[in-house]
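Asker: Okay, here's the prediction I keep looking at, along with the sequence it came from:
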Number of protein chains: 2
Amino acid sequence: MRDTKETRVPMVVIKRLPKYYRYLGELVERKVERVSSQTLANMMGISASQLRQDLNHFGEFGQQGYGYRVEGLYHEIGRIIGLEHEYSMIIVGAGNLGQALANYPNFAKRGFLLKGVFDINPKLVGLRLRDNEIMDIDKLKPFIVDKNIDIGIITVPKEAAQDVADSMVEAGIRAIWNYAPVDIKVPPQVFLENEHLADRLMVISFRLKALGYDED
Amino acid sequence: MRDTKETRVPMVVIKRLPKYYRYLGELVERKVERVSSQTLANMMGISASQLRQDLNHFGEFGQQGYGYRVEGLYHEIGRIIGLEHEYSMIIVGAGNLGQALANYPNFAKRGFLLKGVFDINPKLVGLRLRDNEIMDIDKLKPFIVDKNIDIGIITVPKEAAQDVADSMVEAGIRAIWNYAPVDIKVPPQVFLENEHLADRLMVISFRLKALGYDED
DNA sequence: TAGATTGTTAATCGATTAACAATC
DNA sequence: TAGATTGTTAATCGATTAACAATC
């Protein structure tokens, strides 16, 4: 029962965890008490087999003949994702996108706390952004070290992205979420997520003009 | 030569096309003339086999013993993605994220033209956002019909997202890019991309606390 | 020509689906 | 108890990697 094996979880499974969490959260809100793999999988547009196979990477959460207790499974998935931790974040680049992310309410709700915002532009330095004053980029490295920042979000132009990433890495950041439209390079111990917004539009473009393609 | 087969291209291949385009664009800028599958694959962190296999879905672009002409391949990939077309877009939801996307410069550069921005908040309606005046949401459907809008971006709160999507679909939109943190439902002829920002952070969370995992 | 590198077929690996005994 | 549904093993499907003949 709930043995938490978790050895070698494929990335493709990890990426589905937030989706499970989202749908279970919806059921919790609707005060649904139990759900079968079949029902939940139908809601999500996946197969019941896949759902049970996925959960199987982490332990046994259900009950034969009954299904899963919604509330219980919701919290288990949250725990597996690591949402009982709090993580500290910074944003480098206080342009439109940086400001939008700084004001995005769903991050704090999940325990991702914004601790600072940085920019190179002296006109922006000193301005307030919600709870944060925009700081000069030369304060970046000591800030990461002092405050023990976990996650760095990069929203600077692509020319500056690699330098910013390098500073973050030198200061000991643990993960980087990059919005600049280049693939930055980081050492293997730093976890990197690239968010290339224009790439998504290009997939849409391909599909809009496409003659033959597979479903997602 | 350049036969453009393109029958049943797997989604996983389509998603790699923008990355090829990005790296080839970089080589074009650096005035590199030729590149082998081996060299390009190394730059991108994939295998040469995969690169050649991917290109093979679309035709023959290289030359034995020589490799690929950078400029030519760059334009071929652009053509495959569909970047010679122009697409018209609208944004619904003029909050922080909607404004940031409206001001994002890389979209227009690739032929994705923002034609209008909508919001339900009367305080925002009438304000200018770059070249666009924010319109009332009740103008949404006729606007899509009249201007023949291809792509709708949703940046409204999650409670409103499905309604907005329904209106877009009724007006005949072809693709939806959803930033609200719910999975909206659309009929199969409408192409849907969900961008759940918090989901990415949860993957980071899992990885930060994870004991064992696979590489991406 | 000889060397390099493609396009493509075959082999391997991994992920999804099917099936079913175990059991609540 | 009988019916439902899990956890898990086996079968299938699809994607990646390896290998190599074709050829520039």
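Answerer: Happy to help now that I have it.

Asker: Could you report the neighbour count for A:L124?
Answerer: A:L124 sits with 19 neighbouring residues when counted by other CB atoms under 10 Å in any protein chain shown. All C-beta spots, glycine's among them, are computed from the backbone N, C-alpha and C.

Asker: Who are the contact partners of it?
Answerer: A:94, A:134 (CB atoms under 8 Å, 6 or more residues apart in numbering or on different chains).

Asker: Over to it. Which of the three states is it?
Answerer: Three-state call for A:L124 (DSSP: H, G, I helix; E, B strand; the rest coil): coil.

Asker: how about it, phi and psi?
Answerer: Backbone torsions for A:L124, taken as degrees, to the nearest 10, come to phi -90, psi -30.

Asker: so A:A165 touches A:I176, yeah?
Answerer: Yes. If you go by CB atoms under 8 Å, A:A165 and A:I176 touch, sitting 5.8 Å apart.

Asker: which residues do the two both contact?
Answerer: Common contacts of A:A165 and A:I176 (CB under 8 Å, 6+ apart): A:152, A:154, A:184, A:186.

Asker: With secondary structure as extra columns, can I get these in CSV?
Answerer: Below are these laid out as CSV (three-state DSSP):
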residue, secondary structure
A:G152, strand
A:I154, strand
A:I184, coil
A:V186, coil
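
Asker: which among the residues you listed end up buried?
Answerer: A:152, A:154, A:184, A:186 (16 or more other CB atoms under 10 Å in any protein chain shown).

Asker: Going by distance to A:R52, which of these wins?
Answerer: The closest of these to A:R52 turns out to be A:V186 (CB to CB; 35.4 Å).

Asker: Right, and DNA strand C sits closest to which residue of chain A?
Answerer: Closest contact between chain A and DNA strand C, by CB to the nearest atom of the strand, is at A:G65 (2.4 Å).

Asker: So what's the residue count around that residue?
Answerer: A:G65: 6 surrounding residues under other CB under 10 Å.

Asker: hang on, isn't A:I151 packed against A:V190?
Answerer: No. Contact between A:I151 and A:V190 fails when scored by CB under 8 Å: they sit 10.4 Å apart.

Asker: These two: which has the busier surroundings?
Answerer: Neighbour totals were compared for A:I151 and A:V190, and A:I151 leads with 26 against 16 (other CB under 10 Å).

Asker: Mind checking what secondary structure the closest residue to A:K139 other than its chain neighbours has?
Answerer: Counting by CB to CB, 6 or more residues apart in numbering or on different chains, A:F118 is the residue found nearest to A:K139 once chain neighbours are left out, at 6.9 Å. Following three-state DSSP, we place A:F118 in the strand state.

Asker: If A:F118 is in a bridge, with which residues?
Answerer: When bridges are called by DSSP bridges, A:F118 pairs up with A:V92, A:M135.

Asker: Isn't it up against A:A94?
Answerer: Yes. With contact defined as CB under 8 Å, A:F118 reaches A:A94; the gap is 7.2 Å.

Asker: Wasn't the residue of chain A closest to DNA strand C part of a helix?
Answerer: No. If the criterion is three-state DSSP, then A:G65 is coil and not within a helix.

Asker: Give me the phi and psi angles of it.
Answerer: Residue torsions, per degrees, to the nearest 10, at A:G65 are phi 80, psi -10.

Asker: what number of residues lie near A:K31?
Answerer: A:K31: 8 neighbours (other CB under 10 Å).

Asker: repeat for A:H57
Answerer: By other CB under 10 Å, the residues close to A:H57 number 17.

Asker: For beta bridges, what are the partners of the nearest residue to it once chain neighbours are set aside?
Answerer: In space, and not counting its chain neighbours, A:H57 is closest to A:V9: 5.0 Å by CB to CB, 6+ apart. A:V9 has these beta-bridge partners by DSSP bridges: B:Y213.

Asker: any idea how far A:I80 is from A:V9?
Answerer: Separation of A:V9 from A:I80 (CB to CB, to the nearest Å): 9 Å.

Asker: Equivalent analysis for A:G98, please.
Answerer: Taking CB to CB, one finds A:G98 at 30 Å from A:I80.

Asker: For the strand or helix carrying A:F107, which outside residues touch it?
Answerer: Here A:F107 is covered by helix A:105-109, with elements defined by DSSP states H and E. With contact meaning CB under 8 Å, 6+ apart, helix A:105-109 is reached by A:89, A:101, A:113-114, B:181, B:197-198, B:201.

Asker: and that helix, which residues are buried?
Answerer: A:F107.

Asker: so how far is it off the chain centroid?
Answerer: 11 Å (CA atoms, centre = their mean, to the nearest Å).

Asker: near chain B at all, the helix or strand harbouring A:Q53?
Answerer: Assigned by DSSP H and E, A:Q53 falls within helix A:48-56. No. Helix A:48-56 lies out of reach of chain B by CB under 8 Å from any CB of the partner chain, never closer than 13.0 Å.

Asker: Output the contacting helices and strands for the next helix or strand after that helix.
Answerer: Per DSSP H and E, the first helix or strand lying C-terminal to helix A:48-56 is strand A:68-69. Secondary-structure packing of strand A:68-69 (3 or more CB pairs under 8 Å, 6 or more residues apart in numbering or on different chains; DSSP states H and E): strand A:34-35.

Asker: who does the strand it packs on pair up with?
Answerer: Strand A:34-35 is paired, per DSSP bridges, with strand A:68-69 (antiparallel).

Asker: re the thing from before, name the residues contacting each of A:I151 and A:V190.
Answerer: Common neighbours of A:I151 and A:V190 (CB under 8 Å, 6+ apart) are A:173-176.

Asker: Quick check: the farthest pair among those?
Answerer: Of all pairs in these, the most separated under CB to CB is A:R174 and A:I176 at 8.7 Å.

Asker: who's more crowded, those two?
Answerer: A:I176 (23 against 20).

Asker: and that one, that one's in a strand?
Answerer: Yes. Judged by three-state DSSP, A:I176 forms part of a strand.

Asker: ok, what's across the strand from it?
Answerer: A:G152, A:L192.
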